[in-house]
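1. I would like the atomic coordinates for the input below:
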Amino acid sequence: MTQIDNGTWVLIADGEKALFLENKTDGQDPFFEVFREEEQDNPPNREQAANRPGRFNDGPSVHRSAVADTDWHELAKDRFAHDLADILYKQAHKGRFSKLVIVAPPNTLGELRQELHQEVTQKVIGEVPKTLTNHPIDEIEKIVSSELAAA
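-> Below you'll find the predicted structure:
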């Protein structure tokens, strides 16, 4: 069972939005307070992509092949994970938190894991693979507490 002590940071993130919360009470009855919010303007891929996929010749023949278009939406999500990892590293380096719980959908959680600096990963006491960015804070408190208690 993982305990969310007073002062533990909880990062609630998805590919486009992140809430930085801090537990202001003990682990028995956590009270999370939002102290920072990050949001990325990431329109759907169809609004960021070129009109048509590119094509190239396959040599001297008349045959041409299509080139897959870049998924700009997915790239922006990956970049957002990198930005969040950078914020966490800077705050950890300043000694702003000693324990961290990360709550994110599995794909975002995986991206964050890859991007986190060792100084931050040493402070991670729990992970919850769920999307909670649009939940009310009191629901987040209950869900995170029950998920960590079951772990």
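
2. Looks like Ala13 contacts Val103 (just checking).
-> Yes: with contact defined as Cβ atoms under 8 Å, Ala13 reaches Val103; the gap is 7.2 Å. Every residue, glycine included, has its C-beta placed from N, CA and C.

3. and those two? which has more neighbours close in?
-> Counted by other Cβ atoms under 10 Å, Ala13 and Val103 do not tie: Val103 has more neighbours, with 27 against 24.

4. how much space between the nearest residue to that one once chain neighbours are set aside and Asn107?
-> Computed as Cβ to Cβ, 6 or more residues apart in numbering, the closest residue to Val103 that is not its neighbour in sequence is Val128, at 4.3 Å. Counting by Cβ to Cβ, to the nearest Å, the gap between Val128 and Asn107 amounts to 14 Å.

5. again with Arg79
-> For Arg79, the distance to Asn107 under the criterion Cβ to Cβ works out to 14 Å.

6. Next: His82.
-> If you go by Cβ to Cβ, the gap between His82 and Asn107 works out to 14 Å.

7. Ok, Ile87 next?
-> For Ile87, the distance to Asn107 equals 19 Å [Cβ to Cβ].

8. Ile137 too?
-> Applying Cβ to Cβ to Ile137 and Asn107 gives a distance of 24 Å.

9. what about the longest helix in this protein?
-> Among the segments of the chain that qualify as a helix by DSSP state H, the longest is helix 72-93.

10. Contacts for the next helix or strand along the chain from that helix, please.
-> On the C-terminal side of helix 72-93, the closest following helix or strand by DSSP states H and E is strand 100-103. Judged by Cβ atoms under 8 Å, 6 or more residues apart in numbering, the contacts made with strand 100-103 from elsewhere in the structure are 2, 4, 8-13, 88, 92, 109, 112, 120, 123-128, 130, 132, 140, 144, 148.

11. Any idea how far the longest helix of the chain is from the middle of the chain?
-> With Cα atoms, centre = their mean, to the nearest Å as the basis, helix 72-93 stands 8 Å off its chain's centre.
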